[in-house]
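Trainee: predicted model, plus sequence, below.
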Amino acid sequence: GCTALSIAAEEGDAAVVRTLLDSKAVVSLQEADGNTALTRACYYWKDGAHTRIVKLLLDAGAEPRAFKKNGFNALLLCAQKGRLELTRTLITETDPGNRAILVNDACQPLESESRLADLKGTTPFMMACKHGHVQLARLLLHHNALPEAADAKGRTALHLSCLNGQKDSVRLLHELRAGSSVANDGLTVLMAAARGDLPEVVQELLEREGARRISMIQEDSKLTRPPKRQRSIASIDASSEDGMTALMYACEHGLERVARVLLQYGADPRQSNATGRVASVIARDHGHDDDMGLLLEACVAHGQVEL
């Protein structure tokens, strides 16, 4: 069960925490689920009382790197919840001389940051970006977080930001010129942005690679086409290990605005996935018949299929 120190930390009772610490309570004692007084104070943070408790626990030797059984530690909890001031406290008050928690004894940030990741390899910086906590992500960057680190699936902060529809995080990573790597399963950042329903990001990614609009799909689904079709870039039709393209993901989730952008920039609706299904069939199979008109009209306008 919970220790008296953990309960006091959770409830924000700084006076009781101080009394227990003065009575030599074991500051980093882990409960059955791996929780400590520090992780509880970070998770249940409400106001300055919890911040004072975190400082008391750190001064008493609490270990912010201690993991719960679910793979989370205090810093990951703060990154997930967007606890900016608590993160600053964890980073700057952990080690003597205000040494940053993200730099190990050999001053090698990569090794240290990987030791702070959860069971899936998600670092605090990835976690902050995934949940849209941009100011917290900037703080971690200031203390040597690596923006291009990848988790166990090969997904970076940019992948996770796109998948979770976090436009502000994507903007930050573009400022940092974070690379568009491909995950272990073949997931590209373009596919992630399509799945995350980020049409503006999809368009920006395509134009960064030199793509040009090859057709115009108006809001009323009327289409126009330039006299001579230009060749699209290859990455727009790149597929994951199961043969899914960005357009297929948009159709699978009924994301009409994303599908519109991809078609405008030359995505090929004839391409099939590993099960032999094209984008229009995927849309229909997932109950997105309302979006089928746009997709099929685009196909016809490009001379790619006949109704």
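Mentor: Structure received.
Trainee: okay, residue 128: pLDDT?
Mentor: Listed pLDDT for residue 128 reads 97.
Trainee: switch to numbering from 34
Mentor: I'll keep to 34 as the first residue from here, and by that count the last item is residue 161.
Trainee: contacts for the helix or strand that contains it?
Mentor: Using DSSP states H and E, residue 161 sits within helix 157-163. For helix 157-163, the surrounding residues in contact (CB atoms under 8 Å, 6 or more residues apart in numbering) are 108-109, 111-113, 115, 120, 135, 146, 149-151, 155, 167, 169-170, 173-174, 178-180, 182, 184, 189-191, 193-194, 196-197, 199, 202, 205-206. (C-beta placed from N, C-alpha, C; glycine too.)
Trainee: run the chain-centre distance for it.
Mentor: Computed by CA atoms, centre = their mean, to the nearest Å, the chain-centroid distance of helix 157-163 equals 6 Å.
Trainee: pLDDT on the helix or strand immediately after it in the chain, on average?
Mentor: The helix or strand immediately downstream of helix 157-163 is helix 167-175, counting by DSSP H and E. Mean pLDDT, helix 167-175: 94.
Trainee: by contact count, what packs against helix 167-175?
Mentor: Judged by 3 or more CB pairs under 8 Å, 6 or more residues apart in numbering; DSSP states H and E, the packing partners of helix 167-175 are helix 107-114, helix 117-125, helix 157-163, helix 200-208.
Trainee: please identify the buried residues of that helix?
Mentor: Residues of helix 167-175 classed as buried: 167, 169-174 (neighbour count, 16 or more other CB atoms under 10 Å).
Trainee: what do you get for stretch 88-102?
Mentor: 88-91, 93, 95-97, 99-101.
Trainee: out of those residues, who's nearest residue 269?
Mentor: residue 100 (40.6 Å; CB to CB).
Trainee: any idea of the pLDDT on the residue lying closest to the closest one once chain neighbours are set aside?
Mentor: Counting by CB to CB, 6 or more residues apart in numbering, residue 106 is the residue found nearest to residue 100 once chain neighbours are left out, at 5.1 Å. Predicted confidence (pLDDT) for residue 106: 88.
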